[in-house]
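A.B. asks: everything below, folded, please.
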Amino acid sequence: MRAEKLEIGKIVAIHALKGEMRVQPWCDTPEFLCRFKRLFLDGEEYRVQSARPHKNVVILKLRGIETPEAAQKLVNKILFAAREDFKLDKGTYLIADLIGLKVVDADDESLVYGELTDVSQTGANDVYHIRFADGKTRYIPAIPQVVRETDPEAGIMKIKPLDGLFDD
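C.D. replies: Predicted coordinates:
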């Protein structure tokens, strides 16, 4: 079952004197986190008063958090966003929706490689971690030449491995 609220970042420190907080974003870019109009903290909904990227963090101001003391109480808390608020480009997926996909051969679906267990973000392209039946983890680049189809609804990813990719 897909979670309706997804972790999007962690409050790591207070910022200035008006209740602003520094948030470590758990998304592709700090700018992505700045798009949200509401966030959830400890199960409560908060309206975003302002959010701006600052180096590798987001300076966030939530409505109702007005003092540094109030903000300090939230340090180390995890922020969540509602799945319905995510606006993703076609062919773009949340990592949370990729984890657990069954990875099969694009030409022969009866050939099951394993399960997608993790995603590494390398900068050039993501790398998918596939746990095979033998318990070993192998890695594939998340590029169109390898990943032919991704269907989180069906729980499956179809790949065409490059020659030698899975040779031990």
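A.B. asks: residues near Asp108, how many?
C.D. replies: 9 (other C-beta atoms under 10 Å). For every residue, glycine as well, the C-beta is placed using N, CA and C.
A.B. asks: do the same with the one 10 residues further on
C.D. replies: By the measure other C-beta under 10 Å, the count of residues near Asp118 is 14.
A.B. asks: for the nearest residue to it once chain neighbours are set aside, give the beta-bridge partners.
C.D. replies: Residue nearest to Asp118 in three dimensions, not counting chain neighbours: His129, with 4.0 Å by C-beta to C-beta, 6 or more residues apart in numbering. With DSSP bridges as the criterion, His129 is bridged to Asp118, Tyr139.
A.B. asks: doesn't Glu31 fall inside a strand?
C.D. replies: No - judged by DSSP: H, G, I helix; E, B strand; the rest coil, Glu31 forms no part of a strand; its state is helix.
A.B. asks: ok, residues contacting stretch 135-142?
C.D. replies: Stretch 135-142 is contacted by residues 113-114, 117, 119-120, 125-132, 146-147, 159, 161, 165-166, 168 when judged by C-beta atoms under 8 Å, 6 or more residues apart in numbering.
A.B. asks: change it to 10 Å
C.D. replies: 93, 98, 103, 113-122, 124-132, 146-147, 150, 157, 159-162, 165-168 (C-beta atoms under 10 Å, 6 or more residues apart in numbering).
A.B. asks: mind listing what the residue nearest to Asp118 touches?
C.D. replies: His129 neighbours (C-beta under 10 Å, 6+ apart): 99, 114-120, 137-140.
A.B. asks: which SSE is immediately downstream of the worst-scoring helix or strand of the chain on mean pLDDT?
C.D. replies: Sorting the helices and strands of the chain by mean pLDDT, DSSP states H and E puts helix 95-98 at the bottom, at a mean of 90. Once the chain leaves helix 95-98, the next helix or strand it forms, by DSSP states H and E, is strand 102-105.
A.B. asks: mean confidence (pLDDT) on that next one, please.
C.D. replies: Strand 102-105 comes out with an average pLDDT of 97.
A.B. asks: residue ranges of the strands in this structure, please?
C.D. replies: Assigned by DSSP state E, the strands in the chain fall at 5-15, 20-25, 38-41, 44-54, 57-62, 78-82, 102-105, 112-121, 126-132, 137-141, 147-151, 156-159.
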